[in-house]
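Chemist: sequence first, predicted model second:
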Amino acid sequence: MANAASGMAVHDDCKLRFLELKAKRTFRFIVYKIEENQKQVIVEKLGEPAQGYEDFTACLPADECRYAVYDFEYMTEGNVPKSRIFFIAWSPDTSRVRSKMIYASSKDRFKRELDGIQVELQATDPTEMGLDVFKSRAN
């Protein structure tokens, strides 16, 4: 069903892959792209569980918007392994204004489709979603 605000539908694969990441840890990250011609959000890239943060950031284009989900694993101060599922709204300053508007207007509805997101980040450049940001927001 299309989003009234931006007219964007969410492909079923987006939710299925997210559930796999959340329940089975099948993926480390998922990068989503809005396919403007088809007016829907689709899965662009799936990160293998062995892939890390650098692999994830390398999948985000420098001049195009994307949504992404990242399963961030970390150790608490008591040395307890934990993980948090981050939703990242990637909107670099160099991307087209139209693209930024479409991603911004579709974000909340799309995020609601992914049940289980724990932390949200908005980033316009890589420093806004550095590992230090993930660590500080995870606790």
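Modeler: Structure's in. What do you need?
Chemist: what lies in contact with the top helix by length along the chain?
Modeler: The helix that spans the most residues within the chain, counting by DSSP state H, is helix 97-113. Contacts with helix 97-113, where a contact means C-beta atoms under 8 Å, 6 or more residues apart in numbering, come from 3, 5-6, 8, 10, 14-15, 32, 34, 36, 41, 64-67, 87, 89, 91, 117, 120. For glycine as for every other residue, the C-beta is placed from the backbone atoms N, C-alpha and C.
Chemist: so Q51: helix, strand or coil?
Modeler: At Q51 the chain is in coil, as set by DSSP: H, G, I helix; E, B strand; the rest coil.
Chemist: my bad, V133
Modeler: Classified using three-state DSSP, V133 is helix.
Chemist: quick one: residues contacting it.
Modeler: Contacts of V133 were listed using C-beta under 8 Å, 6+ apart, and they are L121.
Chemist: roughly how far does it sit from I88?
Modeler: 10 Å (C-beta to C-beta, to the nearest Å).
Chemist: and for the two, which residues touch both?
Modeler: L121.
Chemist: related to what we said a few turns ago, pull out the buried residues from the helix or strand following the longest helix of the chain.
Modeler: Going down the chain from helix 97-113, the next helix or strand is strand 119-123, by DSSP states H and E. The neighbour-count check on strand 119-123 (16 or more other C-beta atoms under 10 Å) flags V119, L121, A123 as buried.
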